[in-house]
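J.: Following is a predicted model, sequence given first.
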Amino acid sequence: MPELPEVETIKRELLPHVKGKVITGVEIMRPATVRGMAPEEFKGCLTGRQIINVERHGKYLVFDLDNGEYLAMHLKLSGSLWVKKSESEVPNYIKVVITLDDGEKIFFRDPRGFGRMWLVNDVCEITDKLGPEPLSPDFTPEVLAERLDSKGAPIKSVLIDQAVIAGIGNMYADEILYDAKINPTRPASSLSLAETERIYKAIKRILPQAIASKGASVQDYFRPSGEEGMAQFNFKVAHQRKATCNCGGPIERIVVRGRGTYYCPNCQK
DNA sequence: ACCACAACCTGGCCGC
DNA sequence: TGCGGCCAGGTTGTGG
């Protein structure tokens, strides 16, 4: 499912196809995917707009339009964006199609139907809800320590709180905590400075490594080309049902604040 | 301010 | 083998 590395990969691979292109048509197969306005109004607002840039904010994908507005998307659990010339090249479950002036089409594919897109006047409407970008130079061990210090909730659920840090979801939180050798149930505020620094280093290692592997194709994530990512082959615990850790002990699955959580009880005491 | 939980959705898994 | 039931997952909204 798309988290920061997957959305970042989509952004990078989509950009050369859409930058500077003009939207010539919008088809909406599933009206509920478009939020905030009626489908016809949404089509009217987008048609004729030039795409200036594509940004990622946390797990949100944002298209900068030439009239100063933004087309925002959230892929949620199963969304992906495919760039093809025609529908026949794309699997089913297409909810929205955006046609560009060079004949290419952006297909919003979303089997589960949780994904959303909407227009915003100011990108702050999205970024105001989000904590710092973990791959930004501004994100330092001190920033992380300060943001964890006041949270009594389990570190696992704090790491996936988008208001604390933007972009980390269920599977990368498990990988980060395994890398840092921290038990996912530990209260965030109970972590020592050394432990927080281990988490910091794990974030700065795991996320770029996953981006380098073009994201993790578990469930319904695909790249805009339709290809799969490879990051899941580096996973040590996430989604590793009935697997064995390098230490020889079993990877276990527990539920933390309602989220399935994989970890090694031996390595993450 | 904090936490818990339902709702959204459907493919895939589990148990019978 | 086939069928029904139910779970996962990010975010929002509601209620305690």
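T.: Thanks, I have the structure now. Numbering: from 1, shown residues only, chains lettered A, B, ... in the order given.

J.: Now do the same contact list for the residue nearest to A:Leu65 when sequence neighbours are not counted.
T.: Sequence neighbours aside, A:Arg49 is the residue nearest to A:Leu65 in space, at 4.5 Å (criterion: Cβ to Cβ, 6 or more residues apart in numbering). (C-beta placed from N, C-alpha, C; glycine too.) Each residue near A:Arg49 by Cβ atoms under 8 Å, 6 or more residues apart in numbering is listed here: A:Val22, A:Ile23, A:Leu65, A:Asp66, A:Asn67, A:Glu69.

J.: Roughly how far does the fourth one sit from A:Pro16?
T.: When you say that, I think you mean A:Asp66. A:Asp66 is 18 Å from A:Pro16, where distance means Cβ to Cβ, to the nearest Å.

J.: and the residue nearest to A:Pro250 when sequence neighbours are not counted, how many neighbours?
T.: Closest residue in space to A:Pro250, ignoring its immediate chain neighbours: A:Thr244 at 6.1 Å, by Cβ to Cβ, 6+ apart. Neighbourhood size, A:Thr244 [other Cβ atoms under 10 Å]: 11.

J.: Quick check: A:Thr244 touching A:Ile251?
T.: Yes: between A:Thr244 and A:Ile251 there is a contact under Cβ atoms under 8 Å: 6.9 Å.

J.: Which stretches in chain A count as helices?
T.: A:4-18, A:39-46, A:124-127, A:141-149, A:155-159, A:170-180, A:193-212 (DSSP state H).

J.: Now do the longest one: which elements does it pack against?
T.: Using 3 or more Cβ pairs under 8 Å, 6 or more residues apart in numbering; DSSP states H and E, the elements in contact with helix A:193-212 are helix A:4-18, helix A:141-149, helix A:170-180.

J.: Which strands or helices does the first one pack on?
T.: Using 3+ Cβ pairs under 8 Å, 6+ apart, the elements in contact with helix A:4-18 are strand A:51-57, strand A:60-65, strand A:80-84, strand A:105-109, helix A:193-212.

J.: does DNA strand C sit close to it?
T.: No: against DNA strand C, helix A:4-18 shows no contacts by Cβ under 7 Å from any atom of the strand, the least distance being 9.3 Å.

J.: May I have that helix as CSV, with CA atoms only?
T.: Extracted as CSV, the C-alpha positions of helix A:4-18 are listed here (Å, rounded to 0.1, in the frame of the first residue of the first chain):
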residue,chain,number,x,y,z
LEU,A,4,6.0,7.8,1.5
PRO,A,5,8.4,5.7,-0.6
GLU,A,6,5.6,4.6,-2.9
VAL,A,7,4.1,8.1,-3.3
GLU,A,8,7.6,9.6,-3.9
THR,A,9,8.3,7.0,-6.6
ILE,A,10,4.9,7.7,-8.3
LYS,A,11,5.7,11.5,-8.1
ARG,A,12,9.2,11.1,-9.7
GLU,A,13,8.0,8.7,-12.4
LEU,A,14,4.9,10.7,-13.2
LEU,A,15,6.6,14.1,-13.4
PRO,A,16,8.2,13.7,-16.9
HIS,A,17,4.9,12.6,-18.4
VAL,A,18,2.8,15.4,-17.0
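
J.: what angle sits between the least confident helix or strand in chain A by mean pLDDT and helix A:170-180?
T.: Here the helix or strand of chain A ranked lowest by mean pLDDT, DSSP states H and E is strand A:252-256, holding a mean of 88. Relative orientation of strand A:252-256 and helix A:170-180, computed by axes from the mean of the first three to the mean of the last three Cα atoms, to 10 degrees: 120 degrees.

J.: Strand A:252-256 pairs with which strands?
T.: strand A:259-263 (antiparallel) (DSSP bridges).

J.: Show me the contact partners of the partner strand.
T.: So strand A:259-263 is contacted by A:156-157, A:160, A:170, A:174, A:177-178, A:183-184, A:237-240, A:251-255 (Cβ under 8 Å, 6+ apart).

J.: got it, and stretch A:219-232?
T.: A:1-2, A:5-6, A:9-10, A:13-14, A:17, A:77-84, A:89-90, A:109-112, A:209-210, A:213-218, A:238-239.

J.: Can you select the buried ones from the residues you listed in ChimeraX?
T.: To isolate the buried members of the contacts of stretch A:219-232 in ChimeraX, using 16 or more other Cβ atoms under 10 Å:
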select /A:1,2,5,6,9,10,13,14,17,77,78,79,80,81,82,83,84,90,109,110,111,210,213,214,215,216,217,218,238,239
